[in-house]
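Enquirer: fold the following and give me the result.
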Amino acid sequence: MTARELAGELEVSLRTVYRDVEALAAAGIPVYAEQGRAGGYRLVDGYRTRLTGLTESEAQSLFMVGLPGPAAALGLSQEAASAELKLLAALGPEQRVRAGRLRDRFHLDVPAWYREADDSPYLAPLAEAVLHDRYVDLVYRRWAEPREVERRVAPYGLVLKSGAWYVVGDSGGVRTYRISNILRLAPAADTFDRPDDFDLAAHWRRHLEEFDRRRFTGTALLRLSPGLVRRLPDLSDALLTKAVAGVAPDHDGWVTTELPIESDGHAAQQLARYGADLQVLAPTGLRAELRALARELLALYDND
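Expert: Purely as a prediction, here's the structure:
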């Protein structure tokens, strides 16, 4: 790169570039100037730095992380690009080619099918608060009444799941808040002491397990037609697919299985889409919900 290109990339003056190149050369870095129209500053071919002890395989593996979208959402796109340049500097010429292939040929798309990523305008200031152990005051929209609540939160960490960002923090107990449900947020001036023994990944695993325990309040006994069983892999219903896995069909080809459900009303809305290919045997409350739903649909369309 020319001195002018380096100055533009690093947002410094030409004098700073000249001075720093001299300092690098004096420190034993094999950088040299090449004259001519295609000239500029170059490193000797094959030179690489052992960036903080990274091995070639370790540096290459970091290109598989593939998180430009989340990095930009956190306000770290420039830092991520800078880190990528430094990682490339840790590799030799052949390894740089391989790293480029990994970067160009593998891509991580976080949101699930049929939905967009959450709109999280307060993500960047929350990330700042998390990094600097600073309290935030927020107004949060929740399901229960009162719908809008005010909280002062000590944010311990951020979690990205299926395109939705969550903040885990202490607000009179460690809780999880969906960032897209934050209506207003103001970073506070005072800081907090983050517990030394807090493990974000371990906490999140426990949170998901507890969420499933609270979510499923009952079990439904179902019969699925052979056609529905064949189509399940294409229907994005992980719970039902898991429920029929390994279950032998009866003499008619139908599969009888049990499915955990949140409530009779919620299960009726979820299972009605399968029509006559799915029969609910129990509980009676769920059967009644499905009958009521069928009557509503008949009443709506009978005039046709």
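Enquirer: so residue 154 makes contact with residue 172?
Expert: No - taking Cβ atoms under 8 Å as the definition, residue 154 is not a contact partner of residue 172, at 10.0 Å. No exception for glycine: its C-beta is placed from N, CA and C like everyone else's.
Enquirer: out of these two, which sits in the busier spot?
Expert: Neighbour count, other Cβ atoms under 10 Å: between residue 154 and residue 172, residue 154 has more, with 21 against 8.
Enquirer: care to break this structure down by domain?
Expert: Domain assignment for the chain by automatic domain parsing gives 3-105, 123-198, 218-301.
Enquirer: could I get those domains as JSON lines with distance to residue 207 and mean pLDDT?
Expert: As requested, those are exported to JSON lines (distance: least, Cβ to Cβ, whole Å; pLDDT from 0 to 100):
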{"stretch": "domain 3-105", "distance to residue 207": "19", "mean pLDDT": "74"}
{"stretch": "domain 123-198", "distance to residue 207": "6", "mean pLDDT": "93"}
{"stretch": "domain 218-301", "distance to residue 207": "17", "mean pLDDT": "94"}
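Enquirer: any idea which of these gets closest to residue 211?
Expert: Across those, residue 211 has its closest neighbour in domain 123-198 (8.7 Å, Cβ to Cβ).
Enquirer: let's have the domains of the chain in TSV, adding distance to residue 205.
Expert: Output for those, formatted as TSV (distance: least, Cβ to Cβ, whole Å):
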stretch	distance to residue 205
domain 3-105	20
domain 123-198	11
domain 218-301	18
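Enquirer: looking at the ones you listed, spot the one closest to residue 115.
Expert: Closest to residue 115 of those is domain 123-198 (Cβ to Cβ; 6.6 Å).
Enquirer: next one: the closest one to chain centre, how far?
Expert: Centre-to-centre, domain 123-198 and its host chain are 17 Å apart (Cα atoms, centre = their mean, to the nearest Å).
Enquirer: how much space between the closest residue to residue 181 other than its chain neighbours and residue 262?
Expert: Leaving aside its sequence neighbours, residue 181 sits nearest to residue 141 (Cβ to Cβ, 6 or more residues apart in numbering; 4.7 Å). Applying Cβ to Cβ, to the nearest Å, one obtains 21 Å for the distance of residue 141 from residue 262.
Enquirer: what of residue 299?
Expert: Residue 299 sits 26 Å away from residue 262, going by Cβ to Cβ.
Enquirer: in terms of packing, which of those two has more residues around it?
Expert: residue 262 (13 against 9).
Enquirer: any idea how far residue 209 is from the closest residue to that one other than its chain neighbours?
Expert: Leaving aside its chain neighbours, residue 262 sits nearest to residue 215 (5.4 Å; criterion: Cβ to Cβ, 6+ apart). According to Cβ to Cβ, residue 215 and residue 209 sit 11 Å apart.
Enquirer: go on, residue 97?
Expert: 43 Å.
Enquirer: mind checking the longest strand of this structure?
Expert: In the chain, ranked by residue count with DSSP state E as the criterion, the top strand is strand 148-161.
Enquirer: kindly export it (C-alpha atoms) in PDB.
Expert: The C-alpha trace of strand 148-161 is given here as PDB (Å, rounded to 0.1, in the frame of the first residue of the first chain):
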ATOM      1  CA  GLU A 148     -45.100  -1.400  30.700                       C
ATOM      2  CA  VAL A 149     -42.600  -1.500  33.600                       C
ATOM      3  CA  GLU A 150     -39.600   0.500  34.600                       C
ATOM      4  CA  ARG A 151     -36.400  -1.300  35.600                       C
ATOM      5  CA  ARG A 152     -32.900  -0.400  36.600                       C
ATOM      6  CA  VAL A 153     -30.700  -3.300  35.300                       C
ATOM      7  CA  ALA A 154     -27.100  -4.200  35.800                       C
ATOM      8  CA  PRO A 155     -26.500  -5.900  32.400                       C
ATOM      9  CA  TYR A 156     -24.200  -8.900  32.700                       C
ATOM     10  CA  GLY A 157     -24.300 -10.100  29.100                       C
ATOM     11  CA  LEU A 158     -26.000 -10.200  25.700                       C
ATOM     12  CA  VAL A 159     -27.300 -13.300  24.000                       C
ATOM     13  CA  LEU A 160     -28.300 -13.700  20.300                       C
ATOM     14  CA  LYS A 161     -30.800 -16.500  19.600                       C
END
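Enquirer: helices of the chain, start to end?
Expert: 3-10, 14-26, 56-62, 68-73, 77-89, 93-105, 123-131, 200-215, 226-231, 238-244, 264-271, 284-301 (DSSP state H).
Enquirer: remind me what the second one packs against, helices and strands.
Expert: It refers to helix 14-26. Secondary-structure packing of helix 14-26 (3 or more Cβ pairs under 8 Å, 6 or more residues apart in numbering; DSSP states H and E): helix 3-10, strand 31-34.
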